[in-house]
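Q: Need a 3D model of the sequence below.
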Amino acid sequence: MSVLENKTKGCDNLKITLIPEELEETEIVIKGDVTSYEVETILQFLKSKNKSKKLFLYNEDEQYLVDISEIVYFEACNNKINAFTQNNVYSTKLKLYELKEKLSAFQFAQINKSVIVNIDYVKSVQAEFSGNYSLRLKNKKEILTISRKFFKEFKSHI
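A: Residues are numbered from 1 along each chain as shown. Just a heads-up that it's a prediction; the model follows:
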(Lines give C-alpha, C1' and ligand atoms only; values in the text may rest on other atoms or scores of the structure.)
Protein backbone atom coordinates (compact mmCIF):
# COMPACT_ATOMS: atom_id res chain seq x y z
CA MET A 1 0.00 0.00 0.00
CA SER A 2 1.36 3.40 -0.93
CA VAL A 3 0.34 6.64 0.77
CA LEU A 4 0.18 9.90 -1.14
CA GLU A 5 0.33 13.09 0.92
CA ASN A 6 -0.32 16.58 -0.32
CA LYS A 7 -0.19 19.98 1.37
CA THR A 8 -2.80 22.16 -0.31
CA LYS A 9 -1.77 25.60 -1.53
CA GLY A 10 -3.17 28.46 0.50
CA CYS A 11 -4.26 26.18 3.35
CA ASP A 12 -1.42 25.76 5.83
CA ASN A 13 -3.59 23.77 8.21
CA LEU A 14 -5.01 21.27 5.72
CA LYS A 15 -3.24 18.03 4.89
CA ILE A 16 -4.70 15.54 2.41
CA THR A 17 -3.66 11.90 2.57
CA LEU A 18 -4.73 9.55 -0.22
CA ILE A 19 -4.50 5.82 0.49
CA PRO A 20 -5.21 3.60 -2.53
CA GLU A 21 -7.19 0.52 -1.46
CA GLU A 22 -9.53 -1.97 -3.09
CA LEU A 23 -12.86 -1.11 -1.41
CA GLU A 24 -16.49 -1.43 -2.50
CA GLU A 25 -17.04 2.28 -1.85
CA THR A 26 -14.78 5.26 -1.30
CA GLU A 27 -14.39 6.37 2.32
CA ILE A 28 -13.62 9.92 3.41
CA VAL A 29 -12.34 10.49 6.96
CA ILE A 30 -11.80 14.01 8.29
CA LYS A 31 -9.68 14.42 11.44
CA GLY A 32 -9.20 17.66 13.32
CA ASP A 33 -11.46 20.67 13.76
CA VAL A 34 -14.54 19.48 11.89
CA THR A 35 -16.17 22.91 12.36
CA SER A 36 -13.43 24.75 10.42
CA TYR A 37 -14.06 26.75 7.26
CA GLU A 38 -12.04 24.26 5.18
CA VAL A 39 -14.08 21.29 6.37
CA GLU A 40 -17.35 23.18 5.81
CA THR A 41 -16.22 24.01 2.26
CA ILE A 42 -15.35 20.37 1.57
CA LEU A 43 -18.73 19.20 2.89
CA GLN A 44 -20.60 21.79 0.80
CA PHE A 45 -18.69 20.67 -2.29
CA LEU A 46 -19.51 17.01 -1.64
CA LYS A 47 -23.20 17.84 -1.07
CA SER A 48 -23.33 19.76 -4.33
CA LYS A 49 -22.05 16.73 -6.24
CA ASN A 50 -24.97 14.64 -4.97
CA LYS A 51 -27.71 17.16 -5.66
CA SER A 52 -29.54 18.01 -8.82
CA LYS A 53 -28.13 21.10 -10.47
CA LYS A 54 -31.47 22.08 -12.00
CA LEU A 55 -34.75 23.50 -10.75
CA PHE A 56 -38.24 23.43 -12.20
CA LEU A 57 -39.28 27.04 -12.73
CA TYR A 58 -42.37 28.52 -14.35
CA ASN A 59 -42.95 31.28 -16.87
CA GLU A 60 -46.61 31.82 -17.70
CA ASP A 61 -48.04 28.33 -18.28
CA GLU A 62 -44.78 26.63 -19.20
CA GLN A 63 -42.42 24.71 -16.97
CA TYR A 64 -38.67 25.06 -17.52
CA LEU A 65 -35.75 23.07 -16.23
CA VAL A 66 -33.21 25.78 -15.35
CA ASP A 67 -29.60 25.20 -14.35
CA ILE A 68 -29.02 26.55 -10.83
CA SER A 69 -25.82 28.28 -11.93
CA GLU A 70 -27.85 30.48 -14.32
CA ILE A 71 -29.98 31.94 -11.52
CA VAL A 72 -28.77 35.34 -10.34
CA TYR A 73 -31.16 35.69 -7.40
CA PHE A 74 -34.54 34.77 -5.93
CA GLU A 75 -36.91 37.36 -4.52
CA ALA A 76 -40.10 36.98 -2.51
CA CYS A 77 -42.72 39.57 -3.42
CA ASN A 78 -46.50 39.51 -2.88
CA ASN A 79 -46.59 35.85 -1.77
CA LYS A 80 -44.71 34.81 -4.91
CA ILE A 81 -41.06 33.79 -5.37
CA ASN A 82 -39.40 35.00 -8.55
CA ALA A 83 -36.14 33.63 -9.95
CA PHE A 84 -34.08 36.10 -11.94
CA THR A 85 -31.57 34.94 -14.56
CA GLN A 86 -29.55 37.21 -16.87
CA ASN A 87 -32.35 37.24 -19.45
CA ASN A 88 -35.56 35.91 -17.89
CA VAL A 89 -37.78 36.03 -14.83
CA TYR A 90 -39.39 32.80 -13.66
CA SER A 91 -41.51 31.86 -10.68
CA THR A 92 -41.23 28.90 -8.37
CA LYS A 93 -43.71 27.10 -6.16
CA LEU A 94 -41.08 26.62 -3.45
CA LYS A 95 -41.01 28.83 -0.36
CA LEU A 96 -37.93 30.96 0.32
CA TYR A 97 -36.85 28.79 3.27
CA GLU A 98 -37.19 25.67 1.06
CA LEU A 99 -35.01 27.28 -1.60
CA LYS A 100 -32.43 28.28 1.00
CA GLU A 101 -32.24 24.67 2.20
CA LYS A 102 -32.15 23.25 -1.34
CA LEU A 103 -29.41 25.69 -2.40
CA SER A 104 -27.27 25.29 0.74
CA ALA A 105 -24.70 23.22 -1.16
CA PHE A 106 -24.34 25.91 -3.83
CA GLN A 107 -23.01 29.46 -3.83
CA PHE A 108 -26.24 31.10 -2.61
CA ALA A 109 -26.72 33.29 0.45
CA GLN A 110 -29.77 34.95 1.92
CA ILE A 111 -29.08 38.69 2.09
CA ASN A 112 -32.35 39.97 3.56
CA LYS A 113 -35.73 38.56 4.54
CA SER A 114 -36.89 38.32 0.92
CA VAL A 115 -33.79 37.74 -1.25
CA ILE A 116 -31.36 34.85 -1.84
CA VAL A 117 -28.47 35.74 -4.16
CA ASN A 118 -26.00 33.68 -6.19
CA ILE A 119 -22.55 34.78 -4.90
CA ASP A 120 -21.02 34.15 -8.33
CA TYR A 121 -23.01 37.11 -9.72
CA VAL A 122 -21.93 39.63 -7.07
CA LYS A 123 -19.80 42.44 -8.48
CA SER A 124 -19.32 44.62 -5.39
CA VAL A 125 -20.56 45.39 -1.90
CA GLN A 126 -20.63 48.85 -0.34
CA ALA A 127 -21.40 49.85 3.25
CA GLU A 128 -24.28 52.26 3.77
CA PHE A 129 -24.73 54.83 6.52
CA SER A 130 -27.66 52.84 7.95
CA GLY A 131 -25.49 49.80 8.71
CA ASN A 132 -26.86 47.85 5.77
CA TYR A 133 -24.86 47.13 2.60
CA SER A 134 -25.57 47.70 -1.09
CA LEU A 135 -24.82 44.76 -3.35
CA ARG A 136 -24.18 45.42 -7.04
CA LEU A 137 -24.67 42.52 -9.46
CA LYS A 138 -22.53 41.67 -12.48
CA ASN A 139 -24.19 42.48 -15.82
CA LYS A 140 -27.35 43.69 -14.09
CA LYS A 141 -28.49 47.18 -13.13
CA GLU A 142 -30.18 46.10 -9.92
CA ILE A 143 -28.70 47.00 -6.58
CA LEU A 144 -29.84 44.74 -3.75
CA THR A 145 -29.69 45.43 -0.02
CA ILE A 146 -27.86 43.18 2.41
CA SER A 147 -29.41 43.74 5.82
CA ARG A 148 -27.21 43.84 8.92
CA LYS A 149 -28.90 40.67 10.17
CA PHE A 150 -27.77 38.66 7.11
CA PHE A 151 -24.34 40.21 6.43
CA LYS A 152 -22.41 37.67 8.51
CA GLU A 153 -24.11 34.79 6.65
CA PHE A 154 -23.29 36.48 3.33
CA LYS A 155 -19.61 36.85 4.27
CA SER A 156 -19.41 33.19 5.31
CA HIS A 157 -20.25 32.17 1.71
CA ILE A 158 -17.33 34.07 0.25
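Q: can you give me the strands in the protein?
A: 4-7, 15-18, 54-59, 62-67, 71-77, 80-85, 89-92, 108-112, 115-118, 122-127, 133-137, 143-146 (DSSP state E).
Q: Who are the packing partners of the second one?
A: The reference is to strand 15-18. With contacts taken as 3 or more CB pairs under 8 Å, 6 or more residues apart in numbering; DSSP states H and E, strand 15-18 sits against strand 4-7. The C-beta positions use only the backbone N, C-alpha and C, and glycine is treated the same way.
Q: I figured Leu94 hits Lys102, correct?
A: Yes. With contact defined as CB atoms under 8 Å, Leu94 reaches Lys102; the gap is 7.1 Å.
Q: So for Phe84, what's the nearest residue that isn't a sequence neighbour?
A: Val72 (4.9 Å; CB to CB, 6 or more residues apart in numbering).
Q: One more: Leu96?
A: Leaving out its chain neighbours, the residue that sits closest to Leu96 by CB to CB, 6+ apart is Ala76, at 4.9 Å.
Q: Identify the bridge partners of that neighbour.
A: Going by DSSP bridges, Ala76 is paired in beta bridges with Ile81.
Q: Please give me every residue in contact with it.
A: Leu96, Lys113, Ser114, Val115 (CB atoms under 8 Å, 6 or more residues apart in numbering).
Q: Could you tell me which of these count as buried?
A: The neighbour count (16 or more other CB atoms under 10 Å) marks Leu96, Val115 as buried among the contacts of Ala76.
Q: Reformat the contacts of Ala76 as JSON lines; add pLDDT.
A: Formatted as JSON lines, the contacts of Ala76 follow (pLDDT from 0 to 100):
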{"residue": "Leu96", "pLDDT": "94"}
{"residue": "Lys113", "pLDDT": "95"}
{"residue": "Ser114", "pLDDT": "96"}
{"residue": "Val115", "pLDDT": "96"}
